[in-house]
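J.: Below are the sequence and a predicted model for it; my questions follow.
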Amino acid sequence: MSETKELIDRRDAIKRVSILLGGVALVGGSSLWSTACRTEREAAYKGVGKFSPDDVALLDEVADTILPPTKTPGAKAAKTGPFMALMVTDCYEPKDQQVFMDGMKQLDAATQKSAGTTFMKATPDQRLAVLQALDKEQHDYMKDKKDREAPAHYFRMMKELSLLGYFTSEIGMTQAQRYAEAPGRYDPCVDYKPGDRAWANHA
């Protein structure tokens with residue numbers, strides 16, 4: 001992503017992540033802006049919609065494998081798992097929700113086949129190997145997909161939401177990216193009422 005001295009709000013960050021993913025639209029509708037930032041206040045590590053606390057914990061580990069801690073905290077520290085569950089619950093169509101939910105089971109099955117254990121019990125190296133294989137699988141699937149209306153591969157959804165959740169979190173915005181404080185605090189959420197016009201910027 002390009003560096004900038006301007007305040008980067010969640011909307012701008014989401015657009016930037018979409019560019020990273022080749023211009024793929026992650027989710028549609030203005031409800032994204034009002035729901036995407038609720039994770040810190042509401043989801044935490046509770047169940048979200050059809051997602052149990054164990055499901056949310058699994059998503060956190062998937063995201064943390066994709067974006068592990070380095071010089072900056074990783075995706076789990078940014079509570080990316082709850083964000084992913086909330087986005088699927090609030091913003092995905094039912095058919096896409098089902099693909100995502102089934103995908104978590106397929107992820108565990110792939111880990112069992114590869115490492116002989118569940119994803120949660122696998123070592124970091126085993127987890128990475130599984131996700132690398134699934135990333136190739138989703139890439140081939142998306143390249144060969146003929147029906148534009150067909151759901152995306154479940155791991156593509158997981159990967160997109162991992163990036164989206166991390167780079168629009170406070171950690172992702174202020175530590176993983178260059179961030180200029182204006183007017184001097186991080187404020188990811190603003191009040192929104194259905195029918196309101198979108199903010200050009202907020203601070």
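T.: That came through fine.

J.: Show me what counts as buried in stretch 82-95.
T.: Buried residues in stretch 82-95, defined by neighbour count with 16 or more other C-beta atoms under 10 Å: Pro82, Phe83, Met84, Ala85, Leu86, Met87, Val88, Thr89, Asp90, Cys91, Tyr92. Every residue, glycine included, has its C-beta placed from N, CA and C.

J.: any idea which of the residues you listed is the one closest to Met142?
T.: Tyr92 (16.8 Å; C-beta to C-beta).

J.: one step back: so which of the buried residues of stretch 82-95 would you say is closest to Pro194?
T.: So of the buried residues of stretch 82-95, ranked by how close each gets to Pro194 (C-beta to C-beta), first place is Asp90, at 13.4 Å.

J.: a helix runs through that closest one, doesn't it?
T.: Yes. Residue state for Asp90 (DSSP: H, G, I helix; E, B strand; the rest coil) corresponds to a helix.

J.: My read is that Met104 contacts Val56, right?
T.: No. Here Met104 does not reach Val56: they are 10.5 Å apart, not a contact under C-beta atoms under 8 Å.

J.: For those two, indicate the residue with more neighbours.
T.: Each of Met104 and Val56 has its neighbours counted (other C-beta atoms under 10 Å); Val56 has more, 22 against 18.

J.: With Arg148 as the reference, measure out to that one.
T.: 31 Å (C-beta to C-beta, to the nearest Å).

J.: In three-state terms, label Arg148 for me.
T.: coil.
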